[in-house]
Structure formats: structure tokens, C-alpha cells
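Undergrad: kindly generate the corresponding structure for this input.
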Amino acid sequence: MPRTARPRRRAALAALSCCVALGCGTGTVPAGARPTQPPDVPAGSGRGVVTWASAADRLGEAARGDRGYRLVVRTSVGGSGLRVRLSNAFGDQPVTFGSVRAGLRRSGAALVPGSNRPLTFGGAPSVTVPAGGLVLSDPLPGRVPAGSDLAVSLHVTRAGGTLTGHRTALQTSYVSDGDHTAEESATHWRRRTGSWFYLDAVTVRPRRGTAAVAALGDSITDGWHSTADLNRRWPDHLARRLARSATGTVEGVANEGISGNRVLTDGPGQSALNRLSRDVLSLPGVRTVFLFQGVNDIKADPAPTAAQLIAGYRTLVDRAHAAGKCVVGATIAPFKGWPEWDPAAEAARRKVNAFIRHGGTFDAVTDVDRVLRSPRDPERMLPAFDSGDHIHPNDKGMRAVADAVDLDSLECRPG
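TA: This next block holds a predicted model:
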């Protein structure tokens, strides 16, 4: 069945601004609303579909109070009832948000006039998130366009201890002192940052039947070596392909990559097995998990055996299936030329890839290895796709990864 035509961006902006003029969505309940359930919430809890997400991690700086963050993110699927999820998953102290707003970005830190509106939490304008907790805002009336730059502005009134966020955003966001969340100009948002803080998901209510895919991965999924501020990570390219598709129902894309991440052991970020529930299964509307991970395991010292990594894949797939998700597996790309490559790691990569292709564990397979490898030397990445470090694709390679995904495979059901 063909898709319903999406509203044009201009119409969506008008709807967003109209809601501001009418004064809808402004909470009047006193501060102190209780946060929603922590990361062990049931899979896919809450209404809506994730339109943007980023894996939270422990950042190497202290959390601070009276600090403002204007975080720029790119939506995938459009819809009404925008909600944001704030994470203190790695915090060892509570964090209080005195004001949270969402608006459409015009350029830099400046917003589209009339689009910047306050979010509430249980009807309250502020919320305290306990150490290790998450909070989901109330829905915001009005429609948010697909493929748009959304600016979520936070004012942290009280915080300390460990700071939660995502280090490698490859997107410029902005920092201020004091509360300037209501300002639509860039006047007080002059300090730039390449990380996201506290914000780990944005959801909307799209048309009925719409779903999302969550890409669980490492630095390649995180977008390392793609051009910053241009949304050229491979999940961004995938989101654009899905938006152009006329037949599928999967439109939302959640990028859950962490640079250096592994399947089996914690390191940069918790392992894929340890963060699966929070980073993937708790996101609303996720139908499919796209697993593209394993190279950091097999090049580690000491490295797990191929059999151990395969067992980790099986466990992850079993858990995703138990939560009602489909799992697409991606083969591990070649990385000869990277300093940690050696013949033993290459042998493990080949064994693992044979399992991914033929083991029957995954619901579908995307053969990234076949797409990125050099025909002349299958142990190396094709030079046209190589960023220069022999493990991370460049912009062209990122697009090749996204183009290799069979969109129909994202529509599958576990069975």
C-alpha cells in the first residue's frame, strides 16, 4: 500500500508556530514531577516512535549546575506529540532541569521564530532525575517535520558528580551560563561543543503503523570520520532512503553507536549486551535492531575467540526476539592496515562473518564486508571508501553501507 503523503515543511512549521500563538502545551503544575521509570522499563514502553536517539555514556567531566545546553539533533520520522527523554543513567547524583524547550533550528544556535516551546514533565516545568534514572517529557502539541534540525534547550539548575551524555556527536551544539532556553536568538549561545548532554532520545507520534529501526554499533555507526554537521553517518543516509521509500512502514532511525564499543565487554560505553535494554529495547516504536558490531572485540588484546563472539550475538538476538524485535546482522568490514590488525584477527573476522551470513540466527543479513572490501585485497577496505585509517569509511563509504541495507529486511518480524 502506498504511503500517505507527508505534509510539507512549511505547513509543519506553521502548525508548530500556530500552537505557540495559541499558548497550548504550557504547564502550570508546580515543579517536582516524578521521573518516569529508570532504564529497566518494559521494552518499547510509551506511545510514539523514536525519531532520534543517541547512546548515553559516562563523560569525562563533572556535571555542573546553572548550565544551559542547546542541543541540535536531526529528526528522521515526522509526527505530532514530540517528547524528549533525558538521561542521568551514569550520574551518581540527582540532576535538576529547571527549564526544557524544543524548537526548530534556523542556523547556528538561532531558532525559527515562534517555534521554541516549553516542555513539561507530569505537567510541571521542571524535573529532578535521580542518579541512574531517565525521564520522559509530556507530549508537545503541534507537528515536527521529518528530516529537520531540532534544537532542544536545557537549563540544568542543580547537578554534580558524573556527567551523562554522548561524546562523539559530530554535530555542533551550544553551551551557556544561566537560563537562556526561552531565547530564540543565538546571543547567549556562543560556546560550541561537539557532544550531546543528557538528551538521549526524541519521539513523535507519526501516522498509524509507522515503526523504527535502532542501529546498535561502534564508531562506524557513530559516524567517526564522516563530515561533521552534515549528517553523513550511515544511519543518516539510511533515514533519507527510508523517507524516500513508497512502500515501507519503518521510518524512524535511532543511532545507538558508541565509538570503541564492544559486544562482550565494557570499555568505551557499556557493552552491547549490557546496554541493549536501555539503548534499544526501551525506545518506543522500534521494530528492528540492526547489529553492526564486533570489530573492536576481535582486535582487542586479549581478544575473545570467534566462538565467544558468536555466542554473544546469539544471546543478544535471543533477548531482542524475546522483546518482539527483528534483528538484522551486518558482517564485519575489513580493516587490514589498522595498527591492531593481524592474521589471527582476520581469521576470527572471517569465521564470525561466515556465521552471520549462514548461521541462521539473524532474521536478515546486510553484507557490509562484501560492499566495502577491495576486490584486489579482500582483507582491506576499498580505497574509494576508506577514510584513510583503514577501518572507518569516509562519507562515500558511509553511504555505501546505508545503500547496502535491504529496506524490506527492516520490515521483518522475529520468527
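Undergrad: I figured residue 332 hits residue 349, correct?
TA: Yes. Judged on C-beta atoms under 8 Å, residue 332 makes contact with residue 349 at a distance of 5.1 Å. To be clear about C-beta, it is placed using only N, CA and C from the backbone, and glycine gets the same treatment.
Undergrad: mutual contacts of the two, please.
TA: 294, 295, 298 (C-beta atoms under 8 Å, 6 or more residues apart in numbering).
Undergrad: can you tell me which of those is nearest residue 62?
TA: Among those, residue 295 lies closest to residue 62 (C-beta to C-beta), at 32.1 Å.
Undergrad: is it true that that closest one touches residue 390?
TA: No. Using C-beta under 8 Å, residue 295 is not in contact with residue 390; the gap is 11.5 Å.
Undergrad: which neighbours do the two share?
TA: Common neighbours of residue 295 and residue 390 (C-beta under 8 Å, 6+ apart) are residue 335.
Undergrad: okay, these two: which has more neighbours?
TA: residue 295 (26 against 16; other C-beta atoms under 10 Å).
Undergrad: list the contacts for the more buried one?
TA: 218, 220, 332, 333, 335, 349, 391.
Undergrad: and the second one, helix, strand or coil?
TA: The reference is to residue 220. helix (DSSP: H, G, I helix; E, B strand; the rest coil).
Undergrad: spatially, what comes nearest to it if we skip its sequence neighbours?
TA: residue 392 (6.0 Å; C-beta to C-beta, 6 or more residues apart in numbering).
Undergrad: run a quick neighbour tally on that neighbour.
TA: 24.
Undergrad: just after the helix or strand of the chain with the lowest mean pLDDT, pick out the following helix or strand.
TA: One helix or strand of the chain scores below all others by mean pLDDT, DSSP states H and E: helix 9-22, with a mean of 34. Sequence-wise, the next helix or strand downstream of helix 9-22 (DSSP states H and E) is strand 49-53.
Undergrad: export that next one as CSV, just CAs?
TA: Taking C-alpha atoms only, strand 49-53 is exported to CSV below (Å, rounded to 0.1, in the frame of the first residue of the first chain):
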residue,chain,number,x,y,z
VAL,A,49,8.0,6.2,17.6
VAL,A,50,11.6,7.3,18.2
THR,A,51,12.7,9.9,15.6
TRP,A,52,16.2,10.5,17.0
ALA,A,53,18.4,8.8,19.7
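Undergrad: who does it touch, helix- and strand-wise?
TA: Judged by 3 or more C-beta pairs under 8 Å, 6 or more residues apart in numbering; DSSP states H and E, strand 49-53 is in contact with strand 199-205, strand 211-217, strand 250-257.
Undergrad: same list (these) but as JSON lines, adding mean neighbour count and distance to residue 49.
TA: Converted to JSON lines, the helices and strands packed on strand 49-53 look like this (neighbours: other C-beta atoms under 10 Å; distance: least, C-beta to C-beta, whole Å):
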{"stretch": "strand 199-205", "mean neighbour count": "27", "distance to residue 49": "6"}
{"stretch": "strand 211-217", "mean neighbour count": "28", "distance to residue 49": "5"}
{"stretch": "strand 250-257", "mean neighbour count": "28", "distance to residue 49": "5"}
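Undergrad: can I get those in TSV including mean pLDDT and distance to residue 370?
TA: Shown next, in TSV, are the helices and strands packed on strand 49-53 (pLDDT from 0 to 100; distance: least, C-beta to C-beta, whole Å):
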stretch	mean pLDDT	distance to residue 370
strand 199-205	98	32
strand 211-217	98	18
strand 250-257	98	21
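Undergrad: in JSON lines: those, plus distance to residue 92.
TA: JSON lines is the format used below for those (distance: least, C-beta to C-beta, whole Å):
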{"stretch": "strand 199-205", "distance to residue 92": "17"}
{"stretch": "strand 211-217", "distance to residue 92": "26"}
{"stretch": "strand 250-257", "distance to residue 92": "23"}
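Undergrad: among those strands, which is nearest residue 83?
TA: Per C-beta to C-beta, nearest to residue 83 of the helices and strands packed on strand 49-53: strand 199-205, 4.9 Å.
Undergrad: how about residues contacting that closest one?
TA: Residues contacting strand 199-205 (C-beta under 8 Å, 6+ apart): 46-56, 69, 71, 73, 75, 77-87, 89, 134, 136, 139, 144, 150, 152, 154, 166, 254, 279, 283-285.
Undergrad: of these, grab the buried ones for PyMOL.
TA: With 16 or more other C-beta atoms under 10 Å as the criterion, this PyMOL line picks the buried residues out of these:
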select buried, resi 46+48+49+50+51+52+53+54+55+56+69+71+73+75+77+78+79+80+81+82+83+84+85+86+87+89+134+136+139+144+150+152+154+166+254+279+283+284+285
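Undergrad: among the contacts of strand 199-205, which lie within helices?
TA: Judged by DSSP state H, the subset of the contacts of strand 199-205 located in helices is empty.
Undergrad: and the helix or strand encompassing residue 235, how far out from the chain middle?
TA: Here residue 235 sits within helix 234-244, counting by DSSP H and E. Chain-centre distance of helix 234-244: 13 Å, with C-alpha atoms, centre = their mean, to the nearest Å.
Undergrad: swap in stretch 83-93?
TA: On C-alpha atoms, centre = their mean, the centre of stretch 83-93 falls 15 Å from the chain's centre.
Undergrad: before we move on, back to that, of the contacts of residue 295 - the most surrounded one?
TA: Ranking the contacts of residue 295 using other C-beta under 10 Å puts residue 220 first, with 30 neighbours.
Undergrad: so what's the closest residue to residue 75 other than its chain neighbours up against?
TA: Leaving aside its sequence neighbours, residue 75 sits nearest to residue 51 (C-beta to C-beta, 6+ apart; 4.5 Å). By C-beta under 8 Å, 6+ apart, the residues touching residue 51 are 75, 76, 77, 78, 79, 144, 146, 202, 203, 204, 212, 252.
Undergrad: now those in CSV, with distance to residue 93?
TA: Output for the contacts of residue 51, formatted as CSV (distance: C-beta to C-beta, whole Å):
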residue, distance to residue 93
75, 31
76, 33
77, 35
78, 36
79, 34
144, 32
146, 37
202, 25
203, 27
204, 31
212, 32
252, 32
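Undergrad: ok, which pair from those residues is furthest apart?
TA: Longest span within the contacts of residue 51, C-beta to C-beta: 144 and 212, 14.7 Å.
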